[in-house]
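Asker: no sequence on hand, only this structure:
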């Protein structure tokens, strides 16, 4: 049986180079202590923001500079722990960084409170008097909009100081999953014993052409999840309760309204994504499931079979290096400036693609002020991994351009938009693959890969979003969030979407335990929102060519200096209307129709 490696056993070249942030852990420790001492560079303005525009500007500049430093300190510790959460040293350093973040957040909470307390019209007057404040105009305007929901300065400071404690539910979830869970081994179709882990199951076995391995590993995977179901439910229920309490304290009509506010998204836009896609996409996905069942000669289509490859004998493997070259080629359409970022990502160890015990599951990209982006992924030599890698490179390219052209305060866009640049890269990768081959079998395979992207965003994450919507509705009615309730909700959502075409068993109902996104505000549905937007823009690029590409690059450079609706309108898409959502669902249907015709 193959062995799951420890962090020390993996090839250094397959890990990221965190020395770009701090050359040594001693240097990191020095900066950690220095940031603590330098909090006074901002707090010296406490009680003084009424003095005038110059004082406010000096305070905001000092805050931005300190925030960049705390981001670098926190990122260094977080990335070390993400690579190896088993290490006691990594756990301790991550805790130190979180403690510091809470201290800074509490100490700097006066800024928002004092700005909101200024007489109406003061900020506008300050901006007229001091033109350099214009860079903060948007963030100040968004802050003033929250005035009806702000608590007293003292209360805001206390809440900020509890940041480390209030983030405990997510850390308990992650620590349990990455450091405590062990899975029983299982057998593949040849009767061989194989190890099971979170990463092995989700990155490899779930897409295996070996039906026995796929189903056996899902069963073994679910057996361990089942043992932790009450602990995970308690952690998630606590997170939801915290959000509900805060929404009531702040006077929001619902927790959903509170969580949508920083996204700058209306409730109608939120519901449109969830409602339209579930209704209009479900028939297409059921047809897709039926096609897989027929082509693969399955006795039944189980939840564990949904990601099975349609053509098991045609599954080109791809190394990490080959994937990097392929992605660089596919993204040349975005020009030399973007291409340089992509090259740096692969040439300078921005990517951690090792597969080791204790490594965070899934994939993510973190962009660090004054440094660069870092990408985490566990590599399994599959083309699905190449799509995921292109996705994370999309985040890197976007946020690197945004940080180059925007100040830190305006660099990060709304969560509603954040997944559009990442999914765009997956669509560009598909176009590149199709353009360089006329082989019908290759086309069939590429379409299957593209459907994997839509499955991930329009099904997996969309249905996570639906679970969140139902959980928050129940929580606002004071219904306890328990393991039994979460399994019941997840089972009902899956059954409603897949109908009778897919067997939804007790193990499938545990899938709410697999994703960390439930602890990230209203994040899951934004995957579908982002892919809806990128689908529309990708079509404009196919139709218009360079003008559409140029608009897209301007959108990326705009970062968070505009609302998500403004960003998308700049790209040529109106996300306030349901049309792009319906068009995206219909496009998925056309892909499935073509795939069916190719069989």
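Answerer: Thanks, I have it. Nothing here was measured: the structure is a model prediction, and the numbers come from that model.

Asker: quick one: low-confidence parts of the protein?
Answerer: 1-2 (pLDDT under 70).

Asker: what's the residue closest to the geometric middle of it?
Answerer: A centroid search over the chain (C-alpha atoms, centre = their mean) returns residue 364, at 6.5 Å, as the residue closest to the centre.

Asker: report the distance from stretch 90-100 to the chain centre.
Answerer: 22 Å (C-alpha atoms, centre = their mean, to the nearest Å).

Asker: list the buried ones in that stretch?
Answerer: Neighbour counts using 16 or more other C-beta atoms under 10 Å place 90, 91, 93, 94, 96, 97, 98, 100 of stretch 90-100 among the buried residues. (C-beta placed from N, C-alpha, C; glycine too.)

Asker: hmm, the third one is touching residue 77, no?
Answerer: Translated: residue 93. Yes: counting by C-beta atoms under 8 Å, residue 93 touches residue 77, with 4.5 Å between them.

Asker: overlap of the contact sets of those two?
Answerer: Shared contacts of residue 93 and residue 77 (C-beta atoms under 8 Å, 6 or more residues apart in numbering): residue 28.

Asker: quick one: residue 403 from residue 412, how far?
Answerer: Taking C-beta to C-beta, to the nearest Å as the measure, residue 403 falls 9 Å from residue 412.

Asker: anything in contact with each of those two?
Answerer: In contact with both residue 403 and residue 412: residue 559, using C-beta under 8 Å, 6+ apart.

Asker: more neighbours, these two?
Answerer: Neighbour totals were compared for residue 403 and residue 412, and residue 403 leads with 23 against 17 (other C-beta atoms under 10 Å).

Asker: show me what secondary structure element comes after the helix or strand that contains that one.
Answerer: According to DSSP states H and E, residue 403 maps onto helix 383-405. The C-terminal neighbour of helix 383-405 among helices and strands, as given by DSSP H and E, is helix 420-435.

Asker: which of the residues in that next one are buried?
Answerer: Using 16+ other C-beta under 10 Å as the test for burial, helix 420-435 gives 420-433.

Asker: show residues contacting it.
Answerer: 326-327, 329-331, 333-334, 365, 386-387, 390-395, 397-398, 442-443, 446, 449-450, 453, 457, 527, 529-531, 533-535, 537-538, 541-542, 552, 556, 568.

Asker: what does stretch 396-403 give?
Answerer: Identification of contacts with stretch 396-403 by C-beta under 8 Å, 6+ apart yields 331, 334, 337-338, 341-342, 345, 350, 365, 367, 369, 372-373, 375, 411-413, 421-422, 425, 553, 556-560.

Asker: chain center to that stretch: distance?
Answerer: Taking mean C-alpha positions (C-alpha atoms, centre = their mean), stretch 396-403 and its chain are 15 Å apart.

Asker: likewise stretch 206-226?
Answerer: 25 Å.

Asker: kindly report the same for stretch 432-445.
Answerer: With C-alpha atoms, centre = their mean, you get 29 Å for stretch 432-445.

Asker: mind listing what's buried along it?
Answerer: Residues 432, 433, 443, 444, 445 are the ones in stretch 432-445 that count as buried (16+ other C-beta under 10 Å).

Asker: so who does the nearest residue to the fourth one once chain neighbours are set aside touch?
Answerer: With C-beta to C-beta, 6 or more residues apart in numbering as the measure, residue 598 is the residue that lies nearest to residue 444, at 4.4 Å, once sequence neighbours are left out. For residue 598, the contacting residues are 440, 443, 444, 447, by C-beta under 8 Å, 6+ apart.

Asker: gap between residue 598 and residue 143?
Answerer: The spacing between residue 598 and residue 143, counted by C-beta to C-beta, is 53 Å.

Asker: for residue 332, same thing?
Answerer: In terms of C-beta to C-beta, residue 332 sits 40 Å off from residue 143.

Asker: neighbour count: those two, which is higher?
Answerer: Neighbour totals were compared for residue 332 and residue 143, and residue 143 leads with 16 against 13 (other C-beta under 10 Å).

Asker: can you name the next helix or strand after the host helix or strand of the more buried one?
Answerer: Using DSSP H and E, residue 143 maps to helix 137-145. Counting by DSSP H and E, the next helix or strand C-terminal to helix 137-145 is helix 153-161.

Asker: by contact count, what packs against that following helix?
Answerer: helix 88-117 (3 or more C-beta pairs under 8 Å, 6 or more residues apart in numbering; DSSP states H and E).

Asker: so how far is the next helix or strand after the helix it packs on off the chain centroid?
Answerer: Downstream of helix 88-117, the next assigned helix or strand under DSSP H and E is helix 122-129. What separates the centre of helix 122-129 from the centre of its chain is 37 Å, taken as C-alpha atoms, centre = their mean.

Asker: packing partners of helix 122-129?
Answerer: helix 53-83, helix 137-145.

Asker: by how many degrees do the longest one and helix 88-117 diverge?
Answerer: Regarding helix 53-83 and helix 88-117, their directions subtend 160 degrees when assessed with axes from the mean of the first three to the mean of the last three C-alpha atoms, to 10 degrees.
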